[in-house]
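*Asks:* Next comes the sequence, and after it the predicted model I'd like to discuss.
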Amino acid sequence: MTIYIGNLPYEVSDVDVEDVFKEYGAVKSVYLPTDRETGKMRGFGFVEMEDETKEQDAIEALNEADWMGRQLRVNKARPRPDKGGRR
């Protein structure tokens with residue numbers, strides 16, 4: 001399972017996000033997308049943890065939590081829709 005984190009501060013780093021989530025268990029990966037043109041963080045990200053039970057604990061604890069002046073939105077990430085990619 002992958003966790004979606006929305007409403008992140010734009011100055012946050014993957015290390016910042018990992019530090020918060022590792023309080024709930026081992027973090028496998030953190031991905032913070034950036035804008036292609038500006039290179040700036042887009043305000044959301046994804047975290048994958050090693051244990052699904054710990055992921056659920058993190059979601060419950062961090063959803064709507066105030067962090068760095070922003071109220072986080074944390075939930076299960078939805079699968080990307082298939083956009084009928086190129087062949």
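*Replies:* Done, it's in. Residues are numbered from 1 along each chain as shown.
*Asks:* shaky segments in this protein?
*Replies:* Low-confidence segments of the chain (pLDDT under 70): 83-87.
*Asks:* where does the nearest residue to residue 78 once chain neighbours are set aside land in three-state SS?
*Replies:* Leaving aside its sequence neighbours, residue 78 sits nearest to residue 4 (Cβ to Cβ, 6 or more residues apart in numbering; 7.5 Å). All C-beta spots, glycine's among them, are computed from the backbone N, C-alpha and C. Recorded secondary structure, residue 4: strand (DSSP: H, G, I helix; E, B strand; the rest coil).
*Asks:* for the one 4 residues further on, same thing?
*Replies:* Reducing the assignment at residue 8 to three states with three-state DSSP gives coil.
*Asks:* and the nearest residue to it once chain neighbours are set aside, how many neighbours does it have?
*Replies:* Spatially, and ignoring its direct neighbours in sequence, residue 8 is nearest to residue 43 (5.4 Å; Cβ to Cβ, 6+ apart). Residue 43 has 16 neighbouring residues, counting by other Cβ atoms under 10 Å.
*Asks:* ditto for residue 24
*Replies:* Residues near residue 24, counting by other Cβ under 10 Å, number 20.
*Asks:* mind checking how far it is from residue 50?
*Replies:* As judged by Cβ to Cβ, to the nearest Å, residue 24 and residue 50 stand 11 Å apart.
*Asks:* repeat for residue 37
*Replies:* Between residue 37 and residue 50 the distance, using Cβ to Cβ, works out to 34 Å.
*Asks:* Mind checking which of those two has more residues around it?
*Replies:* Relative neighbour count places residue 50 above the other of residue 37 and residue 50, with 11 against 6, counting by other Cβ under 10 Å.
*Asks:* The closest residue to the more buried one other than its chain neighbours and residue 6, how far apart?
*Replies:* Once flanking residues are discounted, residue 50 sits nearest to residue 26: 4.3 Å by Cβ to Cβ, 6+ apart. Remark: distance between residue 26 and residue 6 (Cβ to Cβ) = 23 Å.
*Asks:* Fine by me, thanks again.
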